[in-house]
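Chemist: Need coordinates for the following:
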Amino acid sequence: MIATDELVKRVRCLLNEAEEDARLSLLNEDTRSINAHVLKLLPQAVALVQKNKAQGLGCVNPKSADAERGNLIDCGNGMAKLVLPNDFVALVSLRLKGWKRSCCYLLAEDSFEAMVLNNGYVGSGVHRPVCVEGVADDGARVVFLSPLPKGETAQLEHFVYEAAFDVESGLAGNNMLLADAVAYYCAALLYSVFERHDQANAFLSLATLLCNGKSVERR
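Modeler: Prediction:
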C-alpha cells in the first residue's frame with residue numbers, strides 16, 4: 001500500500017526538479033493549491049496507468065472482493081451472475097468453486113466469442129470457464145459466469161480486480177514501477193492544467209516508458 005500523501009510527495013518531488021532552472025515555476029503557486037490539484041488529478045493518473053500498462057507488467061490498485069458473496073446470483077441455467085463493485089476497472093482473477101482454472105479477462109457482451117457461446121456452438125467448461133461482461137435490467141454492471149458446475153452452489157473462491165483510485169485509501173499493491181508511472185502521469189496532467197505543454201509532453205513520454213516496463217532515471 002502506498003499512502004496518498006506519499007504519492008503527493010512523489011509528484012511534488014518531480015515538479016521541484018523539473019522547475020529548478022525555470023523562470024516561471026509552478027512552485028510559485030501556494031503549496032496547498034498544488035497539493036489540491038495533485039489530489040484531484042491522481043484518480044485520472046491511476047486510470048491512465050491501468051489503461052496503458054503493458055500486458056504482464058502487473059496490477060495497479062488491486063482489490064479483493066471475495067467477501068462480497070451477496071452479489072453472486074445463481075441464474076438457474078447453468079450460469080451465475082456477479083454484480084460488479086462500483087469501483088471496478090479491470091479483472092485480475094476470478095474463480096468459482098468447482099472451476100479448474102481462473103478467468104483473468106472479461107469478454108465483451110457483443111464480442112464474437114461471447115456471441116458464439118450464446119448461440120450454443122461452443123460450450124464453456126470447468127477447465128475453460130468464461131466471464132462475459134454485461135448490463136443487468138436495472139442498469140448495474142454484471143459478469144455472467146459460465147459454467148456453474150453441477151451440484152455446486154454459486155460460490156466465489158476468489159475475485160481480485162483493479163479498482164478506481166480512492167484518495168482516502170491510497171494506492172493498493174507494491175508495484176513501484178507502476179506507482180512511478182502514476183506520479184509521472186499526474187505531473188504531466190498538472191503541467192497541462194497550467195498550459196505548460198512542453199513539460200507535460202516530457203513527463204507523458206516518461207510515463208509511457210514506465211508503463212512499458214522501461215526504467216527511467218529516478219528523480
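Chemist: can you map out the helices along the chain?
Modeler: 4-18, 31-52, 112-118, 176-193, 197-211 (DSSP state H).
Chemist: closest one to residue 78 among those?
Modeler: Closest approach to residue 78 among these is made by helix 112-118 (11.8 Å; Cβ to Cβ). For the C-beta atoms, the positions are set from N, CA and C on the backbone; glycine is no exception.
Chemist: how close does residue 166 sit to residue 175?
Modeler: 17 Å (Cβ to Cβ, to the nearest Å).
Chemist: With neighbour numbers in mind, choose between those two.
Modeler: When residue 166 and residue 175 are compared for neighbours, residue 175 comes out ahead with 20 against 16, by other Cβ atoms under 10 Å.
Chemist: Would you mind confirming that the more buried one is in contact with residue 60?
Modeler: Yes - if you go by Cβ atoms under 8 Å, residue 175 and residue 60 touch, sitting 7.0 Å apart.
Chemist: tell me, which of the helices of the chain is the model least confident about?
Modeler: Across the helices of the chain, helix 112-118 has the smallest mean pLDDT, namely a mean of 63.
Chemist: and the most centrally placed residue in the chain, what does it touch?
Modeler: Nearest to the geometric centre of the chain sits residue 162, at 3.8 Å (Cα atoms, centre = their mean). Going by Cβ atoms under 8 Å, 6 or more residues apart in numbering, residue 162 touches 50, 59-63, 89-92.
Chemist: ok, now residue 166?
Modeler: Contacts of residue 166 by Cβ under 8 Å, 6+ apart are residue 87.
Chemist: ok, now how distant is it from residue 63?
Modeler: 10 Å.
Chemist: Spell out which residues are contacts of both of those two.
Modeler: Here residue 166 and residue 63 have residue 87 as joint contacts, going by Cβ under 8 Å, 6+ apart.
Chemist: re earlier: sort out for me which of the contacts of residue 162 are in strands.
Modeler: 62-63, 89-92 (DSSP state E).
Chemist: so can I have JSON lines of these showing distance to residue 102 and neighbour count?
Modeler: Shown next, in JSON lines, are the ones in strands among the contacts of residue 162 (distance: Cβ to Cβ, whole Å; neighbours: other Cβ atoms under 10 Å):
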{"residue": "62", "distance to residue 102": "14", "neighbour count": "17"}
{"residue": "63", "distance to residue 102": "16", "neighbour count": "20"}
{"residue": "89", "distance to residue 102": "18", "neighbour count": "19"}
{"residue": "90", "distance to residue 102": "14", "neighbour count": "15"}
{"residue": "91", "distance to residue 102": "10", "neighbour count": "19"}
{"residue": "92", "distance to residue 102": "9", "neighbour count": "20"}
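Chemist: out of the residues you listed, who's nearest residue 158?
Modeler: Using Cβ to Cβ, those come closest to residue 158 at residue 92, 9.5 Å.
Chemist: Could I get the contacting residues of the closest one?
Modeler: Neighbouring residues of residue 92 by Cβ under 8 Å, 6+ apart: 59, 62, 104, 160-162.
Chemist: next one: residue 142
Modeler: Per Cβ under 8 Å, 6+ apart, neighbours of residue 142: 81-84, 133-136.
Chemist: Take those residues and write them to JSON lines, including pLDDT and distance to residue 200.
Modeler: JSON lines is the format used below for the contacts of residue 142 (pLDDT from 0 to 100; distance: Cβ to Cβ, whole Å):
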{"residue": "81", "pLDDT": "89", "distance to residue 200": "43"}
{"residue": "82", "pLDDT": "92", "distance to residue 200": "39"}
{"residue": "83", "pLDDT": "91", "distance to residue 200": "38"}
{"residue": "84", "pLDDT": "92", "distance to residue 200": "33"}
{"residue": "133", "pLDDT": "91", "distance to residue 200": "33"}
{"residue": "134", "pLDDT": "89", "distance to residue 200": "37"}
{"residue": "135", "pLDDT": "87", "distance to residue 200": "36"}
{"residue": "136", "pLDDT": "83", "distance to residue 200": "40"}
